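Colleague: Here is the input, now give the coordinates:
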Amino acid sequence: MSRIGKAPIAITKGVTVTIQDGNIVTVKGPKGELTRSVPAAMLLSQEDGQVVVKRPDDEPNHKSLHGLTRTLIANMVEGVTKGFAKQLELVGVGYKAEKRPYGLQLSLGYSHVIEYKAPKGITLTAPVPTQINVEGANKEVVGQVAAEIRSLRPPEPYKGKGVKYAGEQVRRKAGKAGGK
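Modeller: Residues are numbered from 1 along each chain as shown. Below is the predicted model of the structure:
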């Protein structure tokens, strides 16, 4: 058995999990509602305030889906209770982010400002002009939004300017040798 897959998922207080048609999982909680279709081969059951994921046999494909399915459902439960967050930092002279009703307005050293529209369920904030917080209930979407914002101006290796994750180490390169 998969060590991750065989662990039951505890349903915390204030969270409801419904399983429809055997493979559509809906999780509702204080931070929102998430729905996901899981592989039909996985057997889901709800017992004693826990969700249990089982696999039909030891086929390699089923083994790989077992832990994945359990982790996806656990992330849904965690997302509707605590939520997920990523922090980004802007490094560079004149680089800044401003909160707007639609999302963020970013000045990243280009000749124009970039307007980034937040997808549904995602909250973008800029507590200080050089920091961006991405928050939401869906872990995948939070990570995707953070990656999209970072891709607008990835950190470059010579001066380290750009958008980077909080705590990310940028490998620096030496510049030109300059002369003999």
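
Colleague: From now on I want contacts and neighbour counts done on CA atoms only, so please keep to that.
Modeller: Fine.

Colleague: mind checking the longest helix of this protein?
Modeller: helix 60-81 (DSSP state H).

Colleague: For it, name the packing helices and strands.
Modeller: strand 9-10, strand 24-29, strand 32-37, strand 50-54, helix 139-151 (3 or more C-alpha pairs under 8 Å, 6 or more residues apart in numbering; DSSP states H and E).

Colleague: Where does the prediction get shaky in this structure?
Modeller: Scanning the chain with the threshold set as pLDDT under 70 gives 1-2, 179-180.

Colleague: Could you list the domains of the protein?
Modeller: Following automatic domain parsing, one finds the domains of the chain at 9-81, 84-165.

Colleague: can I get those domains in a markdown table with distance to residue 178 and mean neighbour count?
Modeller: What follows is the domains of the chain, written out as a markdown table (distance: least, C-alpha to C-alpha, whole Å; neighbours: other C-alpha atoms under 10 Å):
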| stretch | distance to residue 178 | mean neighbour count |
| --- | --- | --- |
| domain 9-81 | 52 | 17 |
| domain 84-165 | 15 | 18 |
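
Colleague: State the distance from residue 170 to residue 163.
Modeller: Per C-alpha to C-alpha, to the nearest Å, residue 170 is found 11 Å from residue 163.

Colleague: what residues does the lengthiest strand in the chain touch?
Modeller: Assignment by DSSP state E gives strand 84-91 as the longest strand of the chain. With C-alpha atoms under 8 Å, 6 or more residues apart in numbering as the test, strand 84-91 has contacts from 96, 130-139, 142-143, 146, 150, 160-166.

Colleague: Narrow the residues you listed to those in strands?
Modeller: 96, 131, 132, 133, 134, 135, 136, 162, 163, 164, 165.

Colleague: Dump the helices and strands packed on helix 60-81 to TSV, plus distance to residue 174.
Modeller: Formatted as TSV, the helices and strands packed on helix 60-81 follow (distance: least, C-alpha to C-alpha, whole Å):
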stretch	distance to residue 174
strand 9-10	49
strand 24-29	50
strand 32-37	47
strand 50-54	52
helix 139-151	23
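
Colleague: among those, which is nearest residue 101?
Modeller: helix 139-151 (16.6 Å; C-alpha to C-alpha).

Colleague: Export only the CA atoms of the closest one, formatted as PDB.
Modeller: Extracted in PDB, the C-alpha atoms of helix 139-151 (Å, rounded to 0.1, in the frame of the first residue of the first chain):
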ATOM      1  CA  LYS A 139      -3.400  25.300  -4.200                       C
ATOM      2  CA  GLU A 140      -2.900  24.700  -8.000                       C
ATOM      3  CA  VAL A 141      -4.400  28.100  -9.000                       C
ATOM      4  CA  VAL A 142      -2.400  30.000  -6.300                       C
ATOM      5  CA  GLY A 143       0.800  28.400  -7.600                       C
ATOM      6  CA  GLN A 144      -0.100  29.100 -11.200                       C
ATOM      7  CA  VAL A 145      -0.900  32.700 -10.600                       C
ATOM      8  CA  ALA A 146       2.400  33.200  -8.700                       C
ATOM      9  CA  ALA A 147       4.300  31.600 -11.600                       C
ATOM     10  CA  GLU A 148       2.500  33.800 -14.200                       C
ATOM     11  CA  ILE A 149       3.400  36.900 -12.200                       C
ATOM     12  CA  ARG A 150       7.000  35.800 -11.900                       C
ATOM     13  CA  SER A 151       7.200  35.000 -15.600                       C
END
